[in-house]
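*Asks:* Need a 3D model of the sequence below.
(chains A and B)
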Amino acid sequence: MADQLPSRSENFAEWYNQIVQRADLADYGAAKGTMIIKPYGYALWENIQAYLDKRFKQHGAKNAFFPTFIPVSYIHKEKEHVEGFSPNLWLVTAGGGETLEEAYAVRPTSETTINSTVGNWIQSYRDLPLLLNLWNSCFRYELRTRLFLRTSEFLWQEGHTFHATWDEADAYSRAILNDAYLDFYINAAALPVLAGKKSEREKFPGADITYTLEGLMGDGRALQSCTSHNLGSNFAKSFDIRYLNRSNELEYVASTSWGLSTRAVGAILMTHGDDKGLLMPPRIAPIQLVIVPIFRKESEQQAVLEAAKRIQRDLDNYRVELDAREGLTPGFKYNDWEMRGVPIRLEIGPKDIEKNQVVLVRRDTGEKKFVPLAHLLDEVKQMLNNIHDTLYARAKKFQDDNTFIVDSYEEFKERTAGEGGAGFLLAHWCGDRDCEEAIQKETRATLRVIPFDRVKETGKCVRCGNASEGRVVFAKAY
RNA sequence: CGGGGCGUAGCGCAGUCCGGUAGCGCGCUUGGUUUGGGACCAAGAAGUCGGAGGUUCGAAUCCUCUCGCCCCGACCA
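*Replies:* Numbers count the residues shown, from 1 in each chain, chains lettered A, B, ... in the order given. Purely as a prediction, here's the structure:
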């Protein structure tokens, strides 16, 4: 009897820490705060990459690579940027046993290194827009780390685009948010998120506007699930990136940057799943269907394995694993794959072969279904879509059930008291930065997002009582 | 940086108080019986006790120093 996982409802943090390692997703690296992503976890990331990469390319972005080392003086060129990132910077001060004349920053993000280069690529409006995306890792010194959610080095993509006008840059950063990220979270990850803007205080250092998607995790804490920034001409001015417009006048370009990291993996794990373990959203699940062959005698073994292999071939449009491990009972395998979150289990044994059928079991509901071989393909297709819809609906219900309209600061404080998450708190806010900061200090909740679709509604700031024109979303966040 | 915990076999731990030549469970290997919801029996393999120095006839155990990791707070994708 294997030991039980901690219960998700009783000890969410411990559930998360254990499942990540037990399901073979990731492990701790040797250096503090670093992460080893194991094949099962990396496969999930690869599926995320594939989904997003396609959408970025549909929006014209092309992949490139920029160096990990950035002369530290570059980082200092944009004032807000350096202030925002210096606490997180890793510095390389020596190479080949010699102290470097100028230290290198290990990229916390590539705005500075990109901007210092593309100025030479852009001379006229004919060179615009310039649309780049980088798949790389970046490095941020962190005091407290957690696998996938916050590590000193993490994988991500960072898009960087350059446009003729502020409006065009704005439209592009919104398009990526909606057509790539939001589409991904809803249609691939089965994860409902709130789309909107960050406050001035929470926005990216160096951005005019930061757009974001905020998810609500199983413990009621919010997680910033990606960001997309309209950088305006802030970096263009710092790095002097100008182009000749149609009227032969020099103008600063407007730029964007946008990123989604391996934190998305954490979001998926923390949203779906139960006390049995993970629940991978079907469209990006590393394994969509696992075949567990069942036999008693050796004489049965061959026939069952052959049938299983035939089924695997028939399902080659899907990511299918045949669990032919010897010496493990079927019951053990059921539990093992349930823990790893494989959406569908297919059982096949001698009785099924006789009847030309298989058994399909859904991970989300536990429902068991006998399916004639002739209908298998249709059934698998339908079931995967169905599981996706169920996961989304469940997560949406959880989000709705944990979203609260709060009109008094007393209630705000009550809801944010204690250790756990507080859900999404919809409250009026005056728009003042100091007031926002005070709310965080007094309640530990931060302003997560100003939703695009908020209703216009006059009200009074939940803390100071000044006028407000709509509700914003507060939460305790990761 | 503050607070807490922990480094002993791949993993989880006992042994440390009171020094005497390293043990348990899981996992692993081999053989056999099993196999439709976490199988069982038997025989094995596996550890410079985080590191350095010291005390001692003798150190996982006592002393000094050191390194690392995890968890909880302040900063953050």
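*Asks:* Sketch out the low-pLDDT regions of chain A for me.
*Replies:* For chain A, applying pLDDT under 70 flags the ranges A:1-3.
*Asks:* Outline the domain layout of it.
*Replies:* A:12-271, A:289-399, A:403-475 (automatic domain parsing).
*Asks:* Please work out which of the ones you listed is packed deepest.
*Replies:* domain A:12-271 (a mean of 19; mean count of other C-beta atoms under 10 Å). Bear in mind the C-beta positions are built from the backbone N, C-alpha and C, glycine included.
*Asks:* can you give me the offset of that one from its chain's centre?
*Replies:* Centroid separation for domain A:12-271 versus its chain: 12 Å, with C-alpha atoms, centre = their mean, to the nearest Å.
*Asks:* if you look at that domain, does any of it touch RNA strand B?
*Replies:* Yes. Using C-beta under 7 Å from any atom of the strand, domain A:12-271 reaches RNA strand B at A:13, A:17, A:28, A:31-33, A:87-88, A:140, A:142-146, A:149-152, A:154, A:202, A:204, A:224, A:226-227, A:259, A:261-263.
*Asks:* picking that back up, turn the domains of chain A into CSV, columns for distance to residue A:278.
*Replies:* Shown next, in CSV, are the domains of chain A (distance: least, C-beta to C-beta, whole Å):
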stretch, distance to residue A:278
domain A:12-271, 6
domain A:289-399, 3
domain A:403-475, 20
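*Asks:* To residue A:280, which of those domains lies closest?
*Replies:* domain A:289-399 (4.1 Å; C-beta to C-beta).
*Asks:* chain center to that closest one, what's the gap?
*Replies:* 28 Å.
*Asks:* Ends of it, what's the gap?
*Replies:* This stretch, domain A:289-399, spans 28 Å end to end (C-alpha to C-alpha, to the nearest Å).
*Asks:* Pick out the residue of the stretch 1-150 of chain A closest to RNA strand B.
*Replies:* Closest to RNA strand B within the stretch 1-150 of chain A is residue A:32: 2.3 Å, counting by C-beta to the nearest atom of the strand.
*Asks:* what's the nearest residue in space to that residue that is not next to it in sequence in contact with, if anything?
*Replies:* Distances taken as C-beta to C-beta, 6 or more residues apart in numbering place residue A:152 nearest to residue A:32, at 7.0 Å, with adjacent residues excluded. Applying C-beta atoms under 8 Å, 6 or more residues apart in numbering to residue A:152 gives the contacts A:31-34, A:90, A:139-142, A:145.
*Asks:* could I get the residues you listed as JSON lines with secondary structure?
*Replies:* Formatted as JSON lines, those follow (DSSP: H, G, I helix; E, B strand; the rest coil):
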{"residue": "A:31", "secondary structure": "coil"}
{"residue": "A:32", "secondary structure": "coil"}
{"residue": "A:33", "secondary structure": "coil"}
{"residue": "A:34", "secondary structure": "coil"}
{"residue": "A:90", "secondary structure": "strand"}
{"residue": "A:139", "secondary structure": "strand"}
{"residue": "A:140", "secondary structure": "coil"}
{"residue": "A:141", "secondary structure": "coil"}
{"residue": "A:142", "secondary structure": "coil"}
{"residue": "A:145", "secondary structure": "coil"}
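*Asks:* Looking at the residues you listed, which is nearest residue A:452?
*Replies:* residue A:140 (28.1 Å).
*Asks:* any chance you could read off phi and psi for that closest one?
*Replies:* Dihedral pair for residue A:140: phi -140, psi 120, per degrees, to the nearest 10.
*Asks:* swap in residue A:101?
*Replies:* According to degrees, to the nearest 10, the main-chain angles of residue A:101 amount to phi -70, psi -40.
*Asks:* Which helix in chain A has the most residues?
*Replies:* Longest helix in chain A, counting residues (DSSP state H): helix A:376-401.
*Asks:* Next SSE downstream of that helix?
*Replies:* Counting by DSSP states H and E, the next helix or strand C-terminal to helix A:376-401 is strand A:403-405.
*Asks:* helices or strands up against that next one?
*Replies:* strand A:424-428 (3 or more C-beta pairs under 8 Å, 6 or more residues apart in numbering; DSSP states H and E).
*Asks:* mind saving the C-alpha coords of the strand it packs on as PDB?
*Replies:* Provided in PDB are the C-alpha atoms of strand A:424-428 (Å, rounded to 0.1, in the frame of the first residue of the first chain):
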ATOM      1  CA  PHE A 424     -11.300  37.100  -5.900                       C
ATOM      2  CA  LEU A 425     -12.600  40.100  -4.100                       C
ATOM      3  CA  LEU A 426     -14.500  42.600  -6.300                       C
ATOM      4  CA  ALA A 427     -14.200  46.000  -4.700                       C
ATOM      5  CA  HIS A 428     -14.300  49.600  -5.600                       C
END
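*Asks:* Sheet partners, orientation included, of that strand?
*Replies:* strand A:403-405 (parallel), strand A:471-475 (antiparallel) (DSSP bridges).
*Asks:* Distance from the shortest one to the middle of the chain?
*Replies:* Read that as strand A:403-405. On C-alpha atoms, centre = their mean, the centre of strand A:403-405 falls 24 Å from that of its chain.
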